[in-house]
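Trainee: The following comprises the amino acid sequence and a computationally predicted model.
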Amino acid sequence: PRLRRARTVLLAILLGLRHATDPDHLAAVTTLSASTERRARDAARLGLAWGAGHALTLFALGVPIVLYRAYLPEPVQRGAETAIGFLIAGLAVWLLIRWRRGAFHAHAHEHGSRSHSHLHSHRSAPHAHARSRTPLGAFAVGLLHGIGGSAGVGILLVSTIDGTTLAVLALAILAAFTAVSMTLLTMGFGLTLANRSIGRLAPALGVASLAFGTWYALGAQNLVPYYL
């Protein structure tokens, strides 16, 4: 029994860590990372908030599946996946709008005796810090994203575990490490973007995420081939 519990915990950890690499999460994390001031700490904060919201919904919807094999009705699942696609597309559009407004211009300047570099727009007041996505907004994005079915395989595997207590514990671990993986992934993107000109990358990131989000929403409605 002890070995079985250890294997169950390890499986839940691995599923949680892998979950952030799903294509819809990769598309969302690029726009989240690009909206920060290119500091890994800022990106990690957004990733943690996003992951926490996702984990909360994942756990809340997973418990009925584990305990009662109660799934969301198919129209609700399809509607959630469609909403996620539009959400990804919306994040991409907002990224492109901010880029078009010059929000990703950055150079070093002084505040008193301290010199630093941050993103700002010359359309606003001189040296005004560009408004970026807040942790609360990222948390709300994560809540909606957690309704989607991309974690379905993991929950299904967890639901086959013998013993209600162990299955619920495994689900909690899966949800927690989903948040951990999203934090690490977003921080990684933040570190990557920190050494590059986001003003040059923003159009490509925005267009790619917009195309993916549109395809994701249409695929959820069976209007285009859907491979996820």
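Mentor: Everything's here; your move. Numbering: from 1, shown residues only.

Trainee: burial of Thr192, as a residue count?
Mentor: Residues within reach of Thr192, counting by other C-beta atoms under 10 Å, total 15. (Glycine included, C-beta is placed from N, CA and C.)

Trainee: what about it, helix or strand, and which?
Mentor: Element membership for Thr192, per DSSP states H and E: helix 164-194.

Trainee: Hmm, Arg41 and Thr183 touching each other?
Mentor: No - contact between Thr183 and Arg41 fails when scored by C-beta atoms under 8 Å: they sit 11.2 Å apart.

Trainee: Which one's more surrounded, these two?
Mentor: A count of neighbours by other C-beta under 10 Å puts Thr183 above the other of Thr183 and Arg41, at 21 against 11.

Trainee: From Trp50, how far out is that one?
Mentor: Separation of Thr183 from Trp50 (C-beta to C-beta, to the nearest Å): 8 Å.

Trainee: Please apply the same query to Ser159.
Mentor: According to C-beta to C-beta, Ser159 and Trp50 sit 25 Å apart.

Trainee: Between these two, point out the one with more neighbours.
Mentor: Trp50 (31 against 17).

Trainee: State the helix or strand in which that one lies.
Mentor: helix 40-68.

Trainee: And for Gln77?
Mentor: If you go by DSSP H and E, Gln77 is part of helix 74-100.

Trainee: for that helix, which positions count as buried?
Mentor: Across helix 74-100, burial judged by 16 or more other C-beta atoms under 10 Å covers 77, 80-85, 87-92, 95-96, 98-99.

Trainee: what does stretch 57-69 give?
Mentor: Per 16+ other C-beta under 10 Å, stretch 57-69 contains these buried residues: 57-59, 61-63, 65-66.

Trainee: nearest to Ala138, of the residues you listed?
Mentor: Taking C-beta to C-beta as the measure, Ala138 lies nearest Thr57 of the buried residues of stretch 57-69, at 13.6 Å.

Trainee: The closest one reaches Gly146, doesn't it?
Mentor: Yes - under the criterion of C-beta under 8 Å, Thr57 is in contact with Gly146, at a separation of 2.8 Å.

Trainee: Please state the offset of the helix holding Gln77 from the chain centre?
Mentor: 12 Å (C-alpha atoms, centre = their mean, to the nearest Å).

Trainee: again, but for stretch 84-101
Mentor: 14 Å.

Trainee: State the mean pLDDT of that stretch.
Mentor: What stretch 84-101 shows for mean pLDDT is 88.

Trainee: cool, and stretch 54-72?
Mentor: For stretch 54-72, mean pLDDT is 86.

Trainee: go on, stretch 189-197?
Mentor: The average pLDDT for stretch 189-197 rounds to 68.

Trainee: can you check stretch 215-228 too?
Mentor: The average pLDDT for stretch 215-228 rounds to 84.

Trainee: From the contact counts, what lies against the helix or strand hosting Gly142?
Mentor: Secondary structure from DSSP H and E places Gly142 in helix 135-145. Under the contact criterion of 3 or more C-beta pairs under 8 Å, 6 or more residues apart in numbering; DSSP states H and E, helix 135-145 touches helix 23-34, helix 40-68, helix 74-100.

Trainee: Which of those sits closest to Ala179?
Mentor: Nearest of the helices and strands packed on helix 135-145 to Ala179, taken as C-beta to C-beta: helix 40-68 at 3.3 Å.

Trainee: and the closest one, what does it pack onto?
Mentor: Applying 3+ C-beta pairs under 8 Å, 6+ apart, one finds that helix 40-68 makes contact with helix 23-34, helix 135-145, helix 152-159, helix 164-194.
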